[in-house]
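Engineer: Provide a 3D model corresponding to the input given below.
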Amino acid sequence: MDAIEVEGLKKRFGIVEALREVSFRVEHGSATGLLGPNGAGKTTTMKILVGLLKPTGGRATVLGMDPWREGHKVRQRVGVLHEKPSYPKGVSVRRLLEYAVRIRGLDHTEVSRVTRLVGLAEVSSRRVGALSRGYLQRLGLALAIIGEPEVLLLDEPTANLDPAARIEILNLIDTLKRELGVTMLISSHIIPELEPLCDSAIFIAEGRVLDYGTLEELARRHGTEAYILLEAERPRELASKLISLDFVRSVEVDGSLIRVRVLPGSLEEAEIEISRAKGSYRLRVLSSGRAGLLDLYGRVVGGETPGENLRVPVGGAG
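Structural biologist: Residues are numbered from 1 along each chain as shown. This is a model prediction of the structure:
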């Protein structure tokens, strides 16, 4: 059983159909982007998964449990960062975390653990109302990871942040993913910022899931290409050999540089073949990459890609 399973999910608010036969799965240990424009149904989906909304039809399970009928059990094993969280402003960061830890029945050392993980130790004595937006998001992440949840649901985690704070939060999420090994479902309408974080994606628009799967699976289905950028001696000779390979779609030569485009799902095979030519052409691989979220979003959802001019580096700042 997958960490999250959704089949034929429907949600209606009056005459408005917010979700229309939504189906997808999220594998254990994956970092999955729930991607679509504003109003696509991302927040509604998140609220159903944590048991805050009752679906009109269909089925959703989280860790094998029905969020609406077993919401308390779900929330014991799932951490959530809501799109627009609200916290009491007059208490200190530490006091709020101590309260959250106490109602979960956990030891007070849990406060030290989560403040260390999210970088709140230096501001733990400040009032919540005095925190910047970036630190408020850190606080939200600290509350979400109390008790070491098995699944994290992060709804627009960089909403309303300035560029510097956005990078810090994305780096923090990346760190949590690596250190905690937790399954993540992250919603966003700004596609490039999740590029370094996600290994899977769910594309949603107008309340319908258009496609979902790992990036490799989506690349194969939608024909997006992977690439390898090389530098080599006798580049044109090498290019003529590479273009004859079945899995190579095109080869471009610019001076000593060679850009090889390969068929979806063939990147590893291409890298092995190219490594065999190292001795003969004194080549080195400058970079390589699989199909990106931006390319896939354009193929699946179409239209203008949200945030297509925004490139957020993850792993450098923080």
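
Engineer: same question for the helix or strand hosting R259, mean pLDDT?
Structural biologist: Assigned by DSSP states H and E, R259 falls within strand 257-262. Mean pLDDT, strand 257-262: 86.

Engineer: list the strands paired with it, with their directions.
Structural biologist: strand 226-231 (antiparallel), strand 248-254 (antiparallel) (DSSP bridges).

Engineer: any idea which of these scores lowest on pLDDT?
Structural biologist: For these, where the average pLDDT is lowest is strand 226-231, sitting at a mean of 84.

Engineer: what are the contacting residues of it?
Structural biologist: The contact list for strand 226-231, computed with C-beta atoms under 8 Å, 6 or more residues apart in numbering, reads 219, 238, 256-264, 266-267, 270-271, 274, 283-291. Glycine gets a C-beta too; all of them are placed from N, C-alpha and C.

Engineer: now do the buried residues in it.
Structural biologist: Using 16 or more other C-beta atoms under 10 Å as the test for burial, strand 226-231 gives 226-228, 230.

Engineer: same deal with stretch 153-167?
Structural biologist: Buried residues in stretch 153-167, counted by 16+ other C-beta under 10 Å: 153-159, 161, 165-167.

Engineer: please apply the same query to stretch 262-273.
Structural biologist: Buried-residue list, stretch 262-273, by 16+ other C-beta under 10 Å: 262-264, 266-267, 270, 273.

Engineer: OK, contacts around R282?
Structural biologist: Residues near R282 by C-beta under 8 Å, 6+ apart: 232-233.

Engineer: of all the residues in stretch 215-225, which ones are buried?
Structural biologist: Buried, per 16+ other C-beta under 10 Å, within stretch 215-225: 215-216, 218-220, 224-225.

Engineer: so N38 sits right up against S187, yeah?
Structural biologist: No: N38 lies out of contact with S187 (C-beta atoms under 8 Å); the separation is 10.9 Å.

Engineer: ok so, going back, please tabulate the buried residues of stretch 215-225 in CSV, including the columns distance to L245, pLDDT and secondary structure.
Structural biologist: Formatted as CSV, these follow (distance: C-beta to C-beta, whole Å; pLDDT from 0 to 100; DSSP: H, G, I helix; E, B strand; the rest coil):
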residue, distance to L245, pLDDT, secondary structure
L215, 23, 84, helix
E216, 19, 78, helix
L218, 23, 87, helix
A219, 18, 80, helix
R220, 18, 77, helix
T224, 19, 74, coil
E225, 14, 72, coil
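
Engineer: redo those residues as a markdown table? Include distance to L296.
Structural biologist: What follows is the buried residues of stretch 215-225, written out as a markdown table (distance: C-beta to C-beta, whole Å):
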| residue | distance to L296 |
| --- | --- |
| L215 | 7 |
| E216 | 11 |
| L218 | 5 |
| A219 | 7 |
| R220 | 11 |
| T224 | 6 |
| E225 | 11 |
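
Engineer: quick check, nearest of the residues you listed to T32?
Structural biologist: Of all these, T32 sits closest to L215, with 10.1 Å by C-beta to C-beta.
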